[in-house]
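S.K.: The amino acid sequence is not available; the structure is as follows:
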Ligand code: ADP
Ligand code: MG
């Protein structure tokens, strides 16, 4: 008889945060944060304003340094110094609340700039890939326009395409729909949903509870620089264990 091999490989942890501590001067903003994320996992980060969510995801791609602990991304250690920062940056793509597109460049230029200059991709190839990415985020017809000619939702989809053009292993989203008019939120969340389905590892700070419930594999609740509670969407929303989680949910839902 042919032996049946187990289908699932042991799941690889692509991000490991161990006792991460960060201070801004005397302000202790990340307190012993321990968190591991598996390849392909979608993690939603919830928490009140000022709880350290942005600071946390910014540490993942080295936009913020840390004073204690370790962050290991795809086996590359990002410690207190900025050693390996370039290697880490190649692993991660980031999408911000404010889309941060270059206003004086066309959409196509915005997307191809880094692949051409950082990755040394031939221009033709970079442009072909950029057009495919614009197709993927649903706005192939906008390639030759400037950011100011696009709606907020379209600009945020360009920002996602631009991050994807660097072929990151991990995508970080910091409140990607918070600056959008309500009617544009769905088009951005739909692109993120598609990305999640495609197997991308994602860390998403958001207040969109529908997205969190539907798309997240796991949710963490930050409060005051600490992870208060971690769980599946069902566990966290329907059966929160901690008073601080209950309080947060009662304020937001
Ligand atoms: P969140 O994203 O959850 O709203 P942040 O990570 O932005 O929280 O901020 C956490 C804490 O760190 C807040 O008290 C904030 O005021 C402070 N903070 C954030 N960035 C800086 C900075 N560059 N310098 C000093 N304090 C900062
Ligand atoms: Mg924030």
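M.R.: Now that the structure is in, tell me what you want to look at. Bear in mind that the values here come from a model prediction, so they are computed numbers and not experimental data. Numbering: from 1, shown residues only. Ligands and ions are numbered 1, 2, ... in the order given.
S.K.: Give me the neighbour count for residue 86.
M.R.: Per other CB atoms under 10 Å, the neighbour tally for residue 86 reads 11. For every residue, glycine as well, the C-beta is placed using N, CA and C.
S.K.: And it, how far from residue 76?
M.R.: 10 Å (CB to CB, to the nearest Å).
S.K.: what does residue 148 give?
M.R.: Using CB to CB, residue 148 is found at 37 Å from residue 76.
S.K.: Between the two, which is the more surrounded one?
M.R.: Using other CB under 10 Å as the criterion, residue 148 and residue 76 rank with residue 76 on top: 15 against 9.
S.K.: Can you name the residues that contact that one?
M.R.: Each residue near residue 76 by CB atoms under 8 Å, 6 or more residues apart in numbering is listed here: 84, 87, 88, 91.
S.K.: Write the ChimeraX selection for whichever of those are buried.
M.R.: Selection of buried members from the contacts of residue 76 for ChimeraX, criterion 16 or more other CB atoms under 10 Å:
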select :88,91
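S.K.: out of the contacts of residue 76, who's nearest ligand 1?
M.R.: residue 88 (18.8 Å; CB to the nearest ligand atom).
S.K.: what's the longest helix anywhere in the chain in contact with?
M.R.: What stands out as the longest helix in the chain, according to DSSP state H, is helix 182-197. Identification of contacts with helix 182-197 by CB under 8 Å, 6+ apart yields 42, 136-138, 151-153, 156-157, 160, 164, 171, 173, 176-177, 180, 202, 204, 208, 211, 214-215.
S.K.: Separate out the buried members of those residues.
M.R.: 42, 136-138, 152-153, 156-157, 160, 164, 171, 173, 176-177, 180, 202, 204, 208, 211, 215.
S.K.: Residue 221 belongs to a strand, doesn't it?
M.R.: Yes. According to DSSP: H, G, I helix; E, B strand; the rest coil, the state of residue 221 is that of a strand.
S.K.: Please enumerate the helices of the stretch 51-200 of the chain.
M.R.: 53-60, 85-91, 107-117, 123-136, 152-164, 182-197 (DSSP state H, counting those that start in this stretch).
S.K.: Point out the most buried one among those.
M.R.: Stretch with highest mean neighbour count among those: helix 152-164 (a mean of 24; mean count of other CB atoms under 10 Å).
S.K.: can I get the contacts of residue 76 in a markdown table with distance to ligand 1 and pLDDT?
M.R.: Putting these into a markdown table (distance: CB to the nearest ligand atom, whole Å; pLDDT from 0 to 100) gives the following:
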| residue | distance to ligand 1 | pLDDT |
| --- | --- | --- |
| 84 | 22 | 74 |
| 87 | 24 | 77 |
| 88 | 19 | 78 |
| 91 | 21 | 88 |
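S.K.: so what pLDDT did the closest residue to residue 57 other than its chain neighbours get?
M.R.: Spatial nearest neighbour of residue 57, excluding adjacent residues (CB to CB, 6 or more residues apart in numbering): residue 172 at 4.8 Å. You'll see residue 172 listed with a pLDDT of 98.
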